[in-house]
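Novice: coords please:
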Amino acid sequence: MADQDSLNAVELATELTIAWLSNQNNRVAAEDVPAFLRTMHTTVTELGTGSTVNSEGDDAAPAQEFAPAVSVRKSLASKDHILSMIDGKPYRTLRRHLSTHGLTPEDYRRRYNLKADYPMVAESYSEQRRAMAKKIGLGAKGRAARSQTAPAAAPAARGRGKSA
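Specialist: As a prediction, this is how the structure comes out:
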């Protein structure tokens, strides 16, 4: 019976791994697949028995270190883009890129020991968005400026109507 349970755990782990890898949103390098399959098998076995199979596996998972693809200084070197510390590629904004890797900005900052004010948007892109928002009048200052110019224009229009 133990052989049958372990075989079922292997089959289940294999099927789950195949299903996970077939999802186009999950991008995994070929050399990472065996490690993922081992992790999946360990997890399925733990769930099946209700206990941990290997205490070394528990210690290794939380202590996993992530090596950044680029340095912090290099990631922020350009005003036009931010280099991702995950893959080293340039992005105008990191939020969507992080979500494809299952991370939030806070998780990303924690993973790579970044300061809380590490930007998620490139400086030039932020300036473009700010200029566009000002142009269309977003924000309280834009509304206040429009409301101040509107009453001044109304009395001038009345004055012209009376003299004509």
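
Novice: all helices of this structure, in order?
Specialist: Shown for the chain, the helices assigned by DSSP state H span residues 2-22, 33-49, 55-60, 72-75, 95-100, 105-111, 123-136, 140-163.

Novice: Of those, which shows the lowest average pLDDT?
Specialist: Sorting the helices of the chain by mean pLDDT places helix 55-60 lowest, at a mean of 46.

Novice: And the residue nearest the centre of the chain, how far from Leu47?
Specialist: What sits nearest the mean C-alpha location of the chain, by C-alpha atoms, centre = their mean, is Leu98, with 2.2 Å. Leu98 sits at a distance of 28 Å from Leu47 (criterion: C-beta to C-beta, to the nearest Å). Every C-beta, even on glycine, is put in place using the N, C-alpha and C of the backbone.

Novice: Domains in this protein, by residue range?
Specialist: 2-60, 66-139 (automatic domain parsing).

Novice: Quick one: end-to-end distance for the longest one.
Specialist: Put plainly, it is domain 66-139. Start and end residues of domain 66-139 are separated by 40 Å (C-alpha to C-alpha, to the nearest Å).

Novice: and it, how far from the chain's centre?
Specialist: 9 Å (C-alpha atoms, centre = their mean, to the nearest Å).

Novice: and if you look at stretch 25-39?
Specialist: For stretch 25-39, the separation from the chain centroid amounts to 20 Å (computed by C-alpha atoms, centre = their mean).

Novice: Can you give the contact residues for it?
Specialist: With contacts defined as C-beta atoms under 8 Å, 6 or more residues apart in numbering, stretch 25-39 is touched by 13-14, 17, 20-21, 57, 100.
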